[in-house]
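Novice: following is a predicted model, sequence given first.
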Amino acid sequence: MKNDKIIFWLQIASVSWIWIFVLGVAIWILNLIRVAHKINDALNASVGISIVAIPVFFTLAAILTYVFVGLQKDKHQGDVRTNQTGGIDSSWRGIK
Amino acid sequence: MSERQHSTFEDEQLIRPIEQTGPGFYLMVAVLVGVIAFAGYTYIRQILFGLGVTGLAQPVSWGFYIINFVFFIGISHAGTLISAILRLSKAEWRRPITRMAEVITAIVLAIGGLHPILDLGRPDRMLHLFTEGRLQSPLLWDVTSITAYFAASTVYLYLPMIPDIAILRDRGTRPRWLYEFLAWGWRGTEHQKKVLERAINILMVMVIPIAISVHTVISFIFSMTIQPGWHSTIFGPYFVVGAIFSGIAALLIVMIAFRKAFDLGKYLKLIHFQYLSTLLLIMSFLWFYFTFAEYLTGFYGHEPNEMRVFLYKFTGDYAPWFWMMGICNFLIPVVILVNPKTKKIPGILIASISVVIGMWLERLIVVVPSLANPRLPYPTGIYIPSLTEWSLFAGGVAVFVLAFMLFAKLFPLISIWEIQEGREKSVHAVAERLKSYLPDPPSEQLLSEELGNRR
């Protein structure tokens, strides 16, 4: 039980780390826009790249968070575990 | 009965390499660690003595490190791109292939992405990127797009692994905490299945443009300059084609190696190799077409500086490598793969190795001759790689092999759930799909009317 808690908090930490990484990238790109503005460099190139790059990273983090939260919802349904032979219920993609 | 003893399910073979380790594994790891350690030593020496220990000298300021950077990033197109395209197009034969392809991408991207740092005499100056970088430079576009591709590829590798990780967790495979941690609470409920499928579908679509952008942007570090031999509008697609080409070849080599090592002949059948090698053949023709178009345009213009580079490649110092590139990338794969008699696993292996060598030579041909013959009135440069560069190249390859082996030691190399799903659902799904492609059969009413008219 104690191990479960530790693992859960490690999982939370890993998802948080993804957000820290993504926010770091966003801050970095915004800082480079600021630098371009400061030295009167081609600002539109920086803005153009940031418009494409920043949403990509945020989407990735959002997808991971969505999966994590979605999987956590049913994590205590112990009796629906992967089947005894070691395989999973392979109809899992057959969504009704 | 222990948790392990009840496991006799039909895909046991895929888990065996994780639960049993032979002496060959440790021997191989020791050899690879030795190669990596030597590469580490030469790199420390390079940091201490500067880039003077390499063969780099003006005007050839880019050598093996940048060649390997472009080469490794190209190989990364094996995975996520091929896997995403095959998944998206519902190619059923993809099932035993996708995982290996995705692993190649994640590992090779990490290795390739670090190569520009090797090229710096003062690697600590990388930190200036964070404070003083200029997004107007294609080099920064590279940093951004490679980081995005690496993040997307890792996520795209990880998410479809979750059900398989849960299998290992429930079998009690060690290290159990790792599988418990990575399984994210997967129990295989309908809700969880829905969530995971939705995420994979979004990623599948997202990853394709990111992958294409990566190699396009890498080509921009050359084509955005006005160096002869580089300043070309088709460099973007040319690089993407080359990347997919080398990626498929690398994937085939890995598949053949692990088929042999893990006895996976039951999963990786001749048909998989034949389908992939048909793709390799198509890419070989496409690569030839792009190469022909690229050089014909330069030759037809006959601009003196362009011609200097052109002749350096065709008849000068780099002619042996240039023609070797043509033989490896076109002649050998085409001769082997158009003949059904040689389009067997040994032949496919030879063709794939030939393509990997050929594509490395192509990167060499792109990078060095243009730098050796600059537009300015300098004498032609010379580039001979030093032991440091060779050892770091060997180190990069060793890191790749080692990382792949460690991955195979911890996770199944073939997606178990995808195989099980394939067995149970694909035959029916494909039959249904096939029906939907064909024209609908005439209804009974129409048939009886037709008969009535004939009478």
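Specialist: In hand now; what should we look at?
Novice: shaky segments in the stretch 51-200 of chain B?
Specialist: Within the stretch 51-200 of chain B, no stretch falls below the threshold (pLDDT under 70).
Novice: all helices in it, in order from the N-terminus.
Specialist: With helices called from DSSP state H, counting those that start in this stretch, the stretch 51-200 of chain B shows them at B:64-75, B:80-88, B:98-118, B:128-132, B:138-158, B:162-171, B:176-182, B:190-223.
Novice: figure out which of the ones you listed is closest to chain A.
Specialist: helix B:190-223 (3.1 Å; Cβ to the nearest Cβ). Every C-beta, even on glycine, is put in place using the N, C-alpha and C of the backbone.
Novice: so what's the gap between the closest one and the chain middle?
Specialist: 14 Å (Cα atoms, centre = their mean, to the nearest Å).
Novice: pLDDT of the helix or strand B:Tyr275 falls within, averaged?
Specialist: Element membership for B:Tyr275 (DSSP states H and E) is helix B:270-301. Here helix B:270-301 scores 95 as its mean pLDDT.
Novice: and that helix, which residues are buried?
Specialist: By 16 or more other Cβ atoms under 10 Å in any protein chain shown, the buried positions in helix B:270-301 come out as B:272-277, B:279-281, B:283-284, B:286-287, B:290-291, B:294, B:298.
Novice: do stretch B:219-229 as well
Specialist: Buried, per 16+ other Cβ under 10 Å, within stretch B:219-229: B:Ser219, B:Phe220, B:Ile221, B:Phe222, B:Ser223, B:Met224, B:Gln227, B:Pro228, B:Gly229.
Novice: do the same with stretch B:375-392
Specialist: So for stretch B:375-392, counting by 16+ other Cβ under 10 Å, buried means B:Gly381, B:Tyr383, B:Pro385, B:Ser386, B:Thr388, B:Glu389, B:Ser391, B:Leu392.
Novice: tell me what angle the helix holding B:Tyr275 forms with helix B:98-118.
Specialist: 40 degrees (axes from the mean of the first three to the mean of the last three Cα atoms, to 10 degrees).
Novice: what is helix B:270-301 packed up against?
Specialist: helix B:235-261, helix B:304-314, helix B:332-337, helix B:345-372 (3 or more Cβ pairs under 8 Å, 6 or more residues apart in numbering or on different chains; DSSP states H and E).
Novice: show the contacting residues for B:Thr144.
Specialist: A:Ile29, A:Ile49, A:Ala53, B:Leu135 (Cβ atoms under 8 Å, 6 or more residues apart in numbering or on different chains).
Novice: mind putting the buried residues of stretch B:219-229 in TSV, pLDDT and distance to chain A included?
Specialist: Output for the buried residues of stretch B:219-229, formatted as TSV (pLDDT from 0 to 100; distance: Cβ to the nearest Cβ, whole Å):
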residue	pLDDT	distance to chain A
B:Ser219	93	17
B:Phe220	93	12
B:Ile221	91	15
B:Phe222	92	19
B:Ser223	92	16
B:Met224	91	12
B:Gln227	89	21
B:Pro228	90	25
B:Gly229	90	25
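Novice: give the contact list for residue 76.
Specialist: I'll assume chain A. B:Gly185.
Novice: hmm, I had chain B in mind actually
Specialist: B:Ile104, B:Thr105, B:Val108, B:Leu109, B:Gly112, B:Tyr149, B:Ser153, B:Ala211, B:Val214, B:Ala243, B:Gly247.
Novice: identify the farthest-apart pair in those residues.
Specialist: B:Ile104 and B:Val214 (14.4 Å; Cβ to Cβ).
Novice: look at the two and report which has more neighbours.
Specialist: Applying other Cβ atoms under 10 Å in any protein chain shown to B:Ile104 and B:Val214 shows that B:Val214 carries more neighbours, namely 33 against 30.
Novice: tell me the pLDDT of the residue lying farthest from the centre of chain A.
Specialist: The centre of chain A is farthest from one residue, A:Asn40, which by Cα atoms, centre = their mean lies 34.8 Å away. The model reports A:Asn40 with a pLDDT of 86.
Novice: quick one: it and B:Lys266, what's the gap?
Specialist: Separation of A:Asn40 from B:Lys266 (Cβ to Cβ, to the nearest Å): 65 Å.
Novice: residues near B:Ala183, how many?
Specialist: By the criterion of other Cβ under 10 Å, B:Ala183 has 24 neighbours.
Novice: which residues does it contact?
Specialist: B:Ile162, B:Ile165, B:Ala166, B:Arg169.
Novice: again, but for B:Met161
Specialist: B:Met161 touches B:Arg99, B:Leu182, B:Phe411, B:Ser415, counting by Cβ under 8 Å, 6+ apart.
Novice: picking up where we left off before, mind picking the two most distant members of the buried residues of stretch B:375-392?
Specialist: Within the buried residues of stretch B:375-392, B:Gly381 and B:Ser391 form the most distant pair, 22.9 Å apart (Cβ to Cβ).
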